[in-house]
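Student: got a sequence here, can you model it:
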Amino acid sequence: MVSRKTIGWREWVQLPDLGIAEIKAKIDTGADNSSLHAFNLVRFERDGVPHVRFDVHPRQRKRSPSIPCEAAVVMERKVKNPGGRTELRPVIRTRMIIAGREIEALVNLTVRDEMTFRLLLGRRTIRRRFLVDPGRSYVGARPGRMTQT
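Tutor: Sure, this is the predicted structure:
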C-alpha cells in the first residue's frame, strides 16, 4: 500500500504536460471531479483522436501570463457548474505534481475566470493518494517562481 501524503486545503501544483510550472489549487473534497481554468478552447482531430487547444491563466485574479496548451480529449463529461447548470466539458488526462508527488489525473476544462482558484482538485484526483488537513495550506513547497512573463 502506498502511503498517503498529507496536503492542505490549498496547494501549489505543477502541470508539466501542459507547460504550467505552478498554479494554486483548491482541494475540494465536496467536488467529484477536478477542473482547470481553460479558455479559447478549439476542438480538433489528430490521427482520428479528438484533441483540444486552449489557454490557461495560471495566476489568481490575473490575465497574464497566458499559457497555450494542447491535449487529447479522453471523454466528455456532464458537470454541474457552481450555478447548478449542467455543462458538457472536455476531459483530459495529465500529469500533476502535488506536494512533490507525481500523479496522473483526469481534469475537465472550463472557464474559471470568476473563481478564486484556477484549478480545483476533486475527490477522484486525491482519493487513495492524499489525506487533506483542512487546517493547513501549502504543505508542499512552492515549486519555484514562474518564468513566464
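
Student: how much space between the closest residue to Arg63 other than its chain neighbours and Leu15?
Tutor: Once flanking residues are discounted, Arg63 sits nearest to His57: 5.5 Å by C-beta to C-beta, 6 or more residues apart in numbering. The way it works is simple: take the backbone N, C-alpha and C, and place the C-beta from them, glycine included. To Leu15, His57 is 13 Å away according to C-beta to C-beta, to the nearest Å.

Student: how about the residue nearest to Arg63, what does it touch?
Tutor: His57 makes contact with His37, Phe39, Arg63, Ser64, Pro65, Ser66, Ile67, Asp113, Arg118 under the criterion C-beta atoms under 8 Å, 6 or more residues apart in numbering.

Student: from the residues you listed, which ones fall inside strands?
Tutor: His37, Phe39, Ile67 (DSSP state E).

Student: bridged to the first one, which residues?
Tutor: Spelled out, it's His37. When bridges are called by DSSP bridges, His37 pairs up with Thr110.

Student: please name the strands paired to the helix or strand in which Arg53 is found in the sheet, noting orientation.
Tutor: Per DSSP states H and E, Arg53 falls inside strand 49-56. Counting by DSSP bridges, the strands paired with strand 49-56 are strand 39-46 (antiparallel), strand 67-80 (antiparallel).

Student: ok, which of these comes nearest Tyr138?
Tutor: With C-beta to C-beta as the measure, strand 67-80 is the member of the strands paired with strand 49-56 nearest Tyr138 (21.3 Å).

Student: if we can go back for a sec, average pLDDT across the strand holding Arg53?
Tutor: Across strand 49-56, pLDDT averages out at 96.

Student: angle of the helix or strand hosting Asn108 against strand 49-56?
Tutor: Using DSSP H and E, Asn108 maps to strand 101-110. Interaxial angle, strand 101-110 versus strand 49-56 (axes from the mean of the first three to the mean of the last three C-alpha atoms, to 10 degrees): 90 degrees.
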